[in-house]
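Q: Fold the stuff below for me.
(one chain, ligands or ions: 2)
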Amino acid sequence: MKITNICCIGAGYVGGPTMAVIAQKCPHIKVTVVDLNTDRIEKWNDENVDNIPVYEPGLGEIVKHSRGKNLFFSTEVDKAIDEAQLIFISVNTPTKTYGSGKGMAADLKYIELCARQIARVSKDDKIVVEKSTLPVRTAEAIKNILDHTGNGVQFQILSNPEFLAEGTAVEDLLAPDRVLIGGDTTPEGQKAIQALVDVYANWVPKDRILTTNVWSSELSKLTANAFLAQRVSSINAMSELCEKTGADVTEVARAIGMDSRIGSKFLKSSVGFGGSCFQKDILNLVYISKSFGLHEVADYWEQVIIMNDHQKRRFSKKIVSTLYNTVADKKITFLGWAFKKDTNDTRESAAIYVADDLINEQANIAVFDPKVAYNQVIADLNYLESRAPHKNEALVKSFSDPYEACKDSHAIAILTEWDEFKDYDWKKIYDNMLKPAFVFDGRNLLDREKLTSIGFHYQAIGS
Ligand code: NAD
Ligand code: UGA
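A: Ligands and ions are numbered 1, 2, ... in the order given. Next comes the predicted model:
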């Protein structure tokens, strides 16, 4: 099947950037990204690309390049499904917050709604691509729904998980380590795989396009995230031991990372990993393992989450104990709220949990993040339901100027590794703080020597 028309359901952090890159690299294909969220679609269509809803370095330019030519953002979901030969499902798959599997299993209700809508609208054969991260064997459920339309339309289901990381989405999409496509072993399945391979082959070298069966593809995505998160929890576990023993976790990471079998990436000790996916995908893996009775497998992976929760809590406890066991009515400034640098995404950010702990201790929190607005900070805290929303609003303020945020504070906590934090005038910040002035660096971002010579009490992770 020659693909000339693609639809993507879900205009989020994955759907938006992925489709913008496909559109740029495949000018002969019309790409329409649809979403139920009209506000989001309006922002994707904002004339000023600085206002698109996903902040990613380089993304604005790519959207500008193709938007209105072969890249469209729309709320007309039915129309886009009807026109397309290839439909990506890129909707959210959060952890279930109700019913059986609550707090563990992936909530597939948005996926199912998409499948039902595709079944209802389609008048000719289609390839449906799972772009969202899904539990292994979800394709079976999607196929079941699609095969019961009764109008003779044939569907092929492919799994094509996305491996981009936020903050580097454009780079990752332009030059992926690999593209993974899983499909049926039948001749029709193989033809569908080939059609999708041909789309990616417009810019991805053939030897980086991997094809497998559907189940391997689905499970590889969960496995990749579990391994990545496990590395962070492993180094964070060592960070606590470093603090007790006089070792320095940065030196340890460097020493082990030079072993080519271990590798140097993803060994940065931190206040804990965040983001919408690591925790959700591991919980999902744990749930699946348990549902097959594989309790040792489940416990093994669950430990990655337990360690991460411990790391976040340990950071807030350290702030309280260092500040003479009370932070009540003290101003603590958070530099960074996003879950990592170069993104405006705050989902599961460590900052949220550290703030929640400190608010429980009645601290006043001042937040500065170059890409996160106050309403998002408050929404993140309210989502935890730890206290009434007006209490969060009373104790948390945000600032558009970092120096104002730090003024008169007792301590600064670095929660996100934004590059600009390194270049601030730290002497000026010090002069305007209460003394003794503390910095708790949750990202090992700043220069210890420089800060201590200014007069700061500086504490990093794992040293
Ligand atoms: P997101 O929440 O940013 O975007 C999902 C979008 O889907 C939302 O805008 C929502 O309104 C829309 N949507 C939901 N149901 C819909 C429906 N029935 N019709 C039309 N639109 C609908 O989510 P995301 O971060 O883009 O993640 C999407 C999927 O990709 C998840 O499964 C996630 O695990 C996976 N993933 C995410 C990342 C990442 O970096 N964020 C990376 C790889 C994989
Ligand atoms: C991660 C994976 O890296 C992507 O491959 C995957 O596609 C994506 O999840 C997903 O499925 O959503 P992302 O969460 O965007 O991407 O960002 P990462 O760079 O993986 O960082 C995740 C968290 O781990 C961040 O909070 C980051 O600060 C933290 N981290 C990462 C560390 O604390 N130390 C490290 O060495 C690396």
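
Q: Which pLDDT value belongs to the closest residue to ligand 2 within the stretch 1-150 of the chain?
A: Of the residues in the stretch 1-150 of the chain, the one nearest ligand 2 is residue 133, at a distance of 5.6 Å by CB to the nearest ligand atom. Every C-beta, even on glycine, is put in place using the N, C-alpha and C of the backbone. For residue 133, the model assigns a pLDDT of 95.

Q: which residue sits closest to it, ignoring its sequence neighbours?
A: When the adjacent residues along the chain are set aside, residue 133 lies closest to residue 221, with 5.2 Å between them (CB to CB, 6 or more residues apart in numbering).

Q: coming back round to it: wait, the residue of the stretch 1-150 of the chain closest to ligand 2 touches residue 93, no?
A: Yes. Shown here, residue 133 and residue 93 form a contact pair, counting by CB atoms under 8 Å, at 5.9 Å.

Q: quick one: common contacting residues for those two?
A: Each of 106, 280 lies in contact with both residue 133 and residue 93 under the rule CB atoms under 8 Å, 6 or more residues apart in numbering.

Q: list the contacts for residue 335?
A: Residue 335 touches 368, 369, 402, 405, 406, 412, 413, 414, 415, 416, 418, 421, counting by CB under 8 Å, 6+ apart.

Q: Read off the pLDDT value for it.
A: Model confidence at residue 335, expressed as pLDDT, equals 98.

Q: Quantify the burial of residue 319 by counting its neighbouring residues.
A: 23 (other CB atoms under 10 Å).

Q: ok so, going back, ok, so of the contacts of residue 335, who is nearest ligand 1?
A: When those are ranked by distance to ligand 1 (CB to the nearest ligand atom), residue 416 comes first, at 15.8 Å.

Q: what's near enough to touch that closest one?
A: 335, 336, 337, 338, 339, 340, 341, 349, 351, 369, 443.

Q: Format the residues you listed as JSON lines; extra columns: secondary structure and distance to residue 175.
A: What follows is the contacts of residue 416, written out as JSON lines (DSSP: H, G, I helix; E, B strand; the rest coil; distance: CB to CB, whole Å):
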{"residue": "335", "secondary structure": "strand", "distance to residue 175": "31"}
{"residue": "336", "secondary structure": "coil", "distance to residue 175": "27"}
{"residue": "337", "secondary structure": "coil", "distance to residue 175": "29"}
{"residue": "338", "secondary structure": "coil", "distance to residue 175": "24"}
{"residue": "339", "secondary structure": "coil", "distance to residue 175": "23"}
{"residue": "340", "secondary structure": "coil", "distance to residue 175": "20"}
{"residue": "341", "secondary structure": "coil", "distance to residue 175": "20"}
{"residue": "349", "secondary structure": "coil", "distance to residue 175": "27"}
{"residue": "351", "secondary structure": "helix", "distance to residue 175": "30"}
{"residue": "369", "secondary structure": "coil", "distance to residue 175": "28"}
{"residue": "443", "secondary structure": "coil", "distance to residue 175": "26"}
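
Q: Phi, psi for residue 34 please.
A: phi -120, psi 150 (degrees, to the nearest 10).

Q: Could you do residue 378 as well?
A: Taking degrees, to the nearest 10 as the convention, residue 378 sits at phi -70, psi -40.

Q: domains of the chain?
A: Structural domains annotated on the chain: 5-204, 306-460, as defined by automatic domain parsing.

Q: Just give me how far the shortest one sits from the chain centre.
A: Just to be clear, that refers to domain 306-460. Between the mean C-alpha point of domain 306-460 and the mean C-alpha point of its chain there is a distance of 20 Å (CA atoms, centre = their mean, to the nearest Å).

Q: same check, this time on stretch 456-463
A: Averaged over its C-alpha atoms, stretch 456-463 has a centre that lies 27 Å from its chain's centre (CA atoms, centre = their mean).

Q: That one near ligand 2 at all?
A: No. If you take CB under 6 Å from any ligand atom as the test, stretch 456-463 misses ligand 2, and the best it gets is 9.4 Å.

Q: Send me that stretch as PDB with only the CA atoms.
A: Provided in PDB are the C-alpha atoms of stretch 456-463 (Å, rounded to 0.1, in the frame of the first residue of the first chain):
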ATOM      1  CA  PHE A 456      27.200  29.100  50.500                       C
ATOM      2  CA  HIS A 457      26.600  26.000  52.500                       C
ATOM      3  CA  TYR A 458      26.500  23.700  49.400                       C
ATOM      4  CA  GLN A 459      25.100  20.100  49.500                       C
ATOM      5  CA  ALA A 460      25.000  18.000  46.400                       C
ATOM      6  CA  ILE A 461      23.700  14.400  45.800                       C
ATOM      7  CA  GLY A 462      26.100  11.600  46.500                       C
ATOM      8  CA  SER A 463      29.100  13.400  47.900                       C
END
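
Q: contact partners of it?
A: By CB under 8 Å, 6+ apart, the list of residues contacting stretch 456-463 from outside reads 235-236, 238-240, 242-243, 247-250, 252, 269-271, 315, 318, 322, 426, 430, 436-444, 446, 448, 451-452.

Q: Could you rerun that using 7 Å?
A: Outside stretch 456-463, the residues within contact range by CB atoms under 7 Å, 6 or more residues apart in numbering are 239, 242-243, 248-250, 269-271, 318, 322, 430, 436-442, 444, 448, 451-452.

Q: Give the closest residue to the closest residue to ligand 1 within the stretch 301-450 of the chain in space, chain neighbours not counted.
A: Using CB to the nearest ligand atom, the closest approach of the stretch 301-450 of the chain to ligand 1 is made by residue 345 at 6.9 Å. Closest residue in space to residue 345, ignoring its immediate chain neighbours: residue 166 at 5.5 Å, by CB to CB, 6+ apart.

Q: contacting residues for that neighbour?
A: 13, 275, 340, 343, 345.

Q: Confirm it sits in a strand?
A: No. The secondary structure assignment for residue 166 gives coil rather than a strand, going by DSSP: H, G, I helix; E, B strand; the rest coil.

Q: Please tell me how far it sits from ligand 2.
A: In this structure, residue 166 and ligand 2 are 4 Å apart, going by CB to the nearest ligand atom, to the nearest Å.
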